[in-house]
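Engineer: task: produce atomic coordinates for the following.
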Amino acid sequence: MMAKNWIARLAIAALAGTALAAPAWAFQEAPMLTEKVEAGELPPLEERLPTHPTVVEALSVGEYGGVWRRAFNGPGDRWGPTKLMEERVLKWAADETGGAVLVPGYIESYSVNDDSTEFTFTLLEGLKWSDGVPVTTEDVRFWYEDVFLNPEVNPSIDATLAPGGKPMEVSIADERTFTVKFGQPYVYFLQILAKDSTGEPSLDRPSFVYPKHYLSQFNNKYASEAELAAAATKFQVENWKGLWGSKGAVTAWWLNPDLPVLTAWQIETPPPADTVTMVRNPYYWSVDQEGNQLPYIDRIEHRLFQDPETLNLMIAQGQLDMQDRHLNLANYTFYRENEERGGYHIVNWKDSNIWSLVPNITTTDDVLRGLFADARVREALSVAIDRELIIELTQSGLGKPVQAAPVSGSQYYVPELSEHWVEYDPDHANALLDEAGLTERDAQGFRLRPDGQRFSLIVEANDASYAKTLELLAENYADIGVEMLPRVIDRTQWDNNRSNNDFQMQWMPYDRMTYVPADPRRLMGSDSFANQYYVWYNTDGTSGIEPPADHPLREVFDLWDQASSSASVEVADAHVAEMVRIFAEQGWVIGVYGEGPVVNVVSNRMHNVQPDLVQDDIFRGVGMARTQQFWLDQD
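Structural biologist: Next up is the predicted model:
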């Protein structure tokens, strides 16, 4: 369990600017890069590094070399590898106690004016893309004018980058310095930037910069229609817009080895290969405390697995060097029993995810939408769940029953909200459904909807390892006359169904419940329980579905508008706390369990994997552990 107020100091940690000045080091590099320098394939290290590289204090100074072996379950698993190495101008990282703090990335300094309306950033002097081309504010200008403000590429600007409905403005001061301006105070901007950067359309989302020298050839401001059509044909997409986005054939680093990046590694062999490989970026701009260019590890290798049993076999046979993704607490005893055989040990992190059933309250099924709108039905679907039994049988007894709400350790944590509607009470659930008018049943004992159809819920999950949990949930719901039909589908389709408003209910880890303002969209329905309502809010009513005039989610939207224009963190936090209260008390999302450990299988050859970190999408998952400072024994 996370300690109380573990996260309370995060807002303060972001306020001070950081100027970096490296000592007069003799920089060192990986042997594989020295070989390329000697062969004339690369310039010397001093010409590849910035004048003053960003310093990462490694837990221990490591050895160069080796291949980090991981597992992935297909092309749709793109966010797992991405989180290993995302870069921002500012990013979340673990401090020596495991706390999350904001640290500088590829910037020399930043500053914030007195009323938090202007944020000025200065890029590292001598910063370069992975192909050796200098990074300058021309890349910032390209991102801002030709991508961010280009409706053909970026059809809607997210509300988190347009507080008060007015998109941020970017002005260029010189070759390295630029300023971001807002029409109102925005006290949460740096935290939002560290979580989601400047958003789509890319996969690794580098803040404010895109490689103009490469991407302009795929942009309609620079390329002709014929050139764009030819590029679409080359990359086998329907039209040139398919080149862009987090799944774009060009802008997804995961798919395009030619895309210049700022990350520690870059794609070498992309999917759909069964073994996807990444190789170190020779121009990576960061060093350890002794002047060794990072990363320590030469390559990362992702091996495809098709089912949980195959992944378990890989673990038991010692085929993985560090992995938390796709590991299931139901197998915790198995992981422990095979430590010696597999040559690994377990490193536990703290899980802030709340595993939840997420109804689609904007579903196109009018009758089901009406049932989800009834608080009695939502409460019944929550109290019908025997959370303790599910935790015992699927989580090895680890974790606790919790509602979808901020977790303990968050400054927004309220015990009453975390416990809202979590007590197992099937009799009360049956009474609530009777009170809601669902008294008629069919021959099998299932309740009938107002239109005479069986009250059935298709629940989608994206991994077969959740089958036992879904089976138990289905038994709980059958006890109150509700039929639950589990479906395990591909991750890409699972994501698309939320975007397309084409699902009834999904099983997912409800995250971003630590430092809520870093991504408030979760509470606002985005990509979850009310995606179409959020689209309506985000596009100022030009797209999506308008919520009813009296819908409580409108108040949540209004509260974020107030929080994102507040002149002080204290005032803004009060609005966020009220957003949290409304969200949790409405019970739009049905939390089941959470706050258990996150299991990391770590090879005995792997070093610098820090224990007791908090796993949350806000902190970019494993990225918070500063993976560029991981290293492998080279015996």
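Engineer: CA atoms for contacts and neighbours, from now on please.
Structural biologist: Will do.
Engineer: so residue 346: helix, strand or coil?
Structural biologist: The three-state label given to residue 346 by DSSP: H, G, I helix; E, B strand; the rest coil is strand.
Engineer: is it true that residue 238 touches residue 231?
Structural biologist: No: applying CA atoms under 8 Å, one finds residue 238 not in contact with residue 231, separated by 10.3 Å.
Engineer: neighbour count for the two, which is higher?
Structural biologist: Neighbours around residue 238 and residue 231, counted as other CA atoms under 10 Å, are more numerous at residue 231. The numbers are 20 against 11.
Engineer: ok, then the element right after the host helix or strand of that one?
Structural biologist: Using DSSP states H and E, the secondary-structure element containing residue 231 is helix 225-234. Elements were assigned by DSSP H and E; along the chain past helix 225-234, the next helix or strand is strand 265-269.
Engineer: give me the average confidence score over that next one.
Structural biologist: Per-residue pLDDT over strand 265-269 has a mean of 98.
Engineer: and if you look at stretch 90-107?
Structural biologist: Averaging pLDDT along stretch 90-107 yields 92.
Engineer: residues in contact with that stretch?
Structural biologist: 6-7, 10, 13-14, 18, 54, 87-89, 121-124, 127, 190-191, 193-195, 285, 610-614, 619-620, 623-626 (CA atoms under 8 Å, 6 or more residues apart in numbering).
Engineer: and these, which of them are buried?
Structural biologist: Among the contacts of stretch 90-107, those buried by neighbour count (16 or more other CA atoms under 10 Å) are 6-7, 10, 14, 54, 87-89, 121-124, 127, 190-191, 193-195, 285, 610, 612-614, 619-620, 623-626.
Engineer: in strands, which of the residues you listed appear?
Structural biologist: Filtering those for membership in strands, criterion DSSP state E, returns 54, 121-123, 614.
Engineer: now distance to residue 373 and pLDDT too, for these, in TSV please.
Structural biologist: As requested, these are arranged in TSV below (distance: CA to CA, whole Å; pLDDT from 0 to 100):
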residue	distance to residue 373	pLDDT
54	51	97
121	45	98
122	49	98
123	49	98
614	34	92
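Engineer: nearest to residue 498, out of those residues: which one, please.
Structural biologist: Nearest to residue 498 out of those is residue 614 (CA to CA; 26.6 Å).
Engineer: residues contacting that closest one?
Structural biologist: Applying CA under 8 Å, 6+ apart as the definition, the contact partners of residue 614 turn out to be 2, 98-99, 349-352.
Engineer: secondary structure and neighbour count for those residues - can I get that in CSV?
Structural biologist: Formatted as CSV, the entries for the contacts of residue 614 read as follows, by DSSP: H, G, I helix; E, B strand; the rest coil; neighbours: other CA atoms under 10 Å:
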residue, secondary structure, neighbour count
2, coil, 20
98, coil, 17
99, coil, 18
349, strand, 22
350, strand, 19
351, strand, 24
352, coil, 28
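Engineer: ok, so of these, who is nearest residue 373?
Structural biologist: When those are compared for distance to residue 373, the smallest value, 27.4 Å, is given by residue 352; criterion: CA to CA.
Engineer: list the contacts of that closest one.
Structural biologist: Neighbour list for residue 352: 407, 511-514, 594-595, 614-616 [criterion: CA under 8 Å, 6+ apart].
Engineer: what do you get for residue 415?
Structural biologist: residue 408.
Engineer: and it, its phi and psi?
Structural biologist: Backbone geometry at residue 415, expressed as degrees, to the nearest 10, gives phi -50, psi -40.
Engineer: alpha carbons of stretch 329-345, as CSV, please.
Structural biologist: Once side chains and other backbone atoms are set aside, the C-alpha atoms of stretch 329-345 remain, and they are given as CSV (Å, rounded to 0.1, in the frame of the first residue of the first chain):
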residue,chain,number,x,y,z
LEU,A,329,-0.8,-11.5,-9.7
ALA,A,330,-2.7,-14.8,-10.1
ASN,A,331,0.7,-16.3,-11.0
TYR,A,332,2.6,-14.6,-8.1
THR,A,333,3.4,-18.0,-6.4
PHE,A,334,4.6,-19.4,-9.8
TYR,A,335,6.9,-16.4,-10.2
ARG,A,336,8.4,-16.9,-6.7
GLU,A,337,8.8,-20.7,-7.1
ASN,A,338,10.7,-20.3,-10.3
GLU,A,339,13.2,-17.6,-9.2
GLU,A,340,16.2,-19.9,-8.8
ARG,A,341,15.4,-21.9,-11.9
GLY,A,342,14.9,-18.8,-14.1
GLY,A,343,17.9,-16.9,-12.6
TYR,A,344,15.8,-13.9,-11.7
HIS,A,345,14.3,-12.1,-8.7
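Engineer: what about the closest residue in space to residue 533 that isn't next to it in sequence, neighbour count?
Structural biologist: In space, and not counting its chain neighbours, residue 533 is closest to residue 545: 5.2 Å by CA to CA, 6 or more residues apart in numbering. Counted by other CA under 10 Å, the residues lying close to residue 545 total 16.
Engineer: the one 3 residues further on too?
Structural biologist: Here the neighbour count serves as a burial measure; for residue 548 (other CA under 10 Å) it reads 10.
Engineer: any idea which element it lies in?
Structural biologist: Here residue 548 is covered by no helix or strand, with elements defined by DSSP H and E.
Engineer: can you pull the pLDDT of it?
Structural biologist: pLDDT for residue 548: 97.
Engineer: how close does residue 195 sit to residue 405?
Structural biologist: When distance is defined by CA to CA, to the nearest Å, residue 195 is 19 Å away from residue 405.
Engineer: I figured residue 231 hits residue 220, correct?
Structural biologist: No: shown here, residue 231 and residue 220 do not form a contact pair, counting by CA under 8 Å, at 11.6 Å.
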